[in-house]
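**Q** sharing a model that was predicted from the sequence below.
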Amino acid sequence: MRKKELFDRVIAYFEETMPIAETELDYQNPFELIVAVILSAQCTDKRVNQITPDLLKRFPTPYKMAEAEVAEVFDYIRSCSYPNNKAKHLVGMAQKLIELYDGEVPSDVDDLQKLPGVGRKTANVIASVVYNKPALAVDTHVFRVAARIGLSTNAKTPLATEIQLMKYIPEELVPKAHHWLILHGRYTCVARKPKCEKCGLTEICKYYQKEVAGK
DNA sequence: ATCCCGAGGG
DNA sequence: CCCTCTGGAT
C-alpha cells in the first residue's frame, strides 16, 4: 500500500474514533506558548497549566523573564520535570529572544531553534500553532506510532520521520495528523504494551502484523 | 517499579 | 551516539 493511501486510511479511522475535547496548554500569546511548551517535556499539560499562571504573572514578558533569577524561576516550576534545566532555558530563552529578535517570537523554525530550550519539536509546535505553518512536531509518540503503522520507514530519528511524513501529508491535514497521532500513541499505541485489541488499525498496521499476528 | 508530549552536552 | 536532568502518574 502506498504511504499516502495508508495515511488516508489512518486519518479516516481517527476521524470517526477520536474524541473532540482534549486538554491543551493554556496561553495568551506566542511568548506564553513557548514557555508552556518548554515546560511540557515529560510533564502533563494539566500540570503545566497549573504552573504557568503564577509564573507568567511574575514574569509576564520576555523582558521580565530575561532579568529573572534562575533560582526564583526554579521555585515556580519545581513541580514539573527537569526544573533546573527548564529554569535556565526559560531565562536564557527570554534573553536571546530580546537579543536576536527584539522580544518578538520568530516564525521560522531555524530561528526558533536558536533559542535555548527550543529544539526541533518545540520549534515546530510554535511554527504550526502560532503561525499556521505546515510544520510537523515529531515527539516520542508520533515517532513511535508512525514507525509501527508504517507511515515512516526505517526512520532512526524524529527528524527523519518528520521529513518522510511531510512528503505526503497534505498541508491542511498536518495539525490534525499531529494531534491524532499523539493521542493514539498516548492512549492506545503506548510504548510498552500497545493495546492492539482496542485498535481499529491492526489490519493495516505493520507492527501488529509482524509482532502480534506473526505474519 | 517504571515510564514519560525533549534538549543540550560530552 | 549516548548520557543526564527530574517529578509525577500509574
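**A** Received the coordinates, thanks. Numbering: from 1, shown residues only, chains lettered A, B, ... in the order given.

**Q** any idea how far apart the tips of stretch A:36-50 sit?
**A** 11 Å (Cα to Cα, to the nearest Å).

**Q** wondering if it reaches DNA strand C at all.
**A** Yes. Judged by Cβ under 7 Å from any atom of the strand, stretch A:36-50 and DNA strand C are in contact via A:42-44, A:47. C-beta coordinates here come from the backbone N, C-alpha and C atoms, glycine included.

**Q** all strands of chain A, in order?
**A** Remark: strands of chain A are absent; assignment by DSSP state E.

**Q** pull the helix or strand with minimum mean pLDDT from it.
**A** In chain A, no helix or strand scores lower on mean pLDDT, DSSP states H and E than helix A:174-187, which sits at a mean of 89.

**Q** which among the residues of stretch A:36-50 next to DNA strand C end up buried?
**A** Of the members of those, the ones counted as buried by neighbours, 16 or more other Cβ atoms under 10 Å, are A:Cys43.

**Q** between the residues of stretch A:36-50 next to DNA strand C, which is nearest DNA strand B?
**A** Distance ranking of these against DNA strand B, using Cβ to the nearest atom of the strand, places A:Gln42 first at 4.0 Å.

**Q** for A:Gly103, which non-adjacent residue is spatially closest?
**A** By the measure of Cβ to Cβ, 6 or more residues apart in numbering, the closest residue to A:Gly103 outside its immediate chain neighbours is A:Pro62, 4.5 Å from it.

**Q** coming back round to it: and the residues of stretch A:36-50 next to DNA strand C near DNA strand B, which?
**A** Among these, the ones lying close to DNA strand B by the criterion of Cβ under 7 Å from any atom of the strand are A:42-44.

**Q** and A:Lys210, what's its pLDDT?
**A** You'll see A:Lys210 listed with a pLDDT of 84.

**Q** around it, how many other residues sit close by?
**A** 12 (other Cβ atoms under 10 Å).

**Q** ok, back up a step: would CSV of the residues of stretch A:36-50 next to DNA strand C with pLDDT be doable?
**A** Putting these into CSV (pLDDT from 0 to 100) gives the following:
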residue, pLDDT
A:Gln42, 90
A:Cys43, 90
A:Thr44, 88
A:Arg47, 91
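
**Q** got the buried residues for the least confident helix or strand of chain A?
**A** Of the residues in helix A:174-187, those buried under the neighbour-count criterion (16+ other Cβ under 10 Å) are A:174-175, A:177-178, A:180-185.

**Q** which parts of stretch A:114-131 are buried?
**A** Using 16+ other Cβ under 10 Å as the burial criterion, the residues of stretch A:114-131 that qualify are A:114-118, A:120-130.

**Q** sorry, that was for stretch A:130-146
**A** Of the residues in stretch A:130-146, those buried under the neighbour-count criterion (16+ other Cβ under 10 Å) are A:130, A:135-139, A:141-146.

**Q** near DNA strand B, which of those residues show up?
**A** Residues shared between those and the neighbourhood of DNA strand B are A:139, A:141 [Cβ under 7 Å from any atom of the strand].

**Q** so how far is the longest helix along chain A from its chain's centroid?
**A** Of all segments of type helix in chain A, defined using DSSP state H, the longest is helix A:83-101. Between the mean C-alpha point of helix A:83-101 and the mean C-alpha point of its chain there is a distance of 19 Å (Cα atoms, centre = their mean, to the nearest Å).
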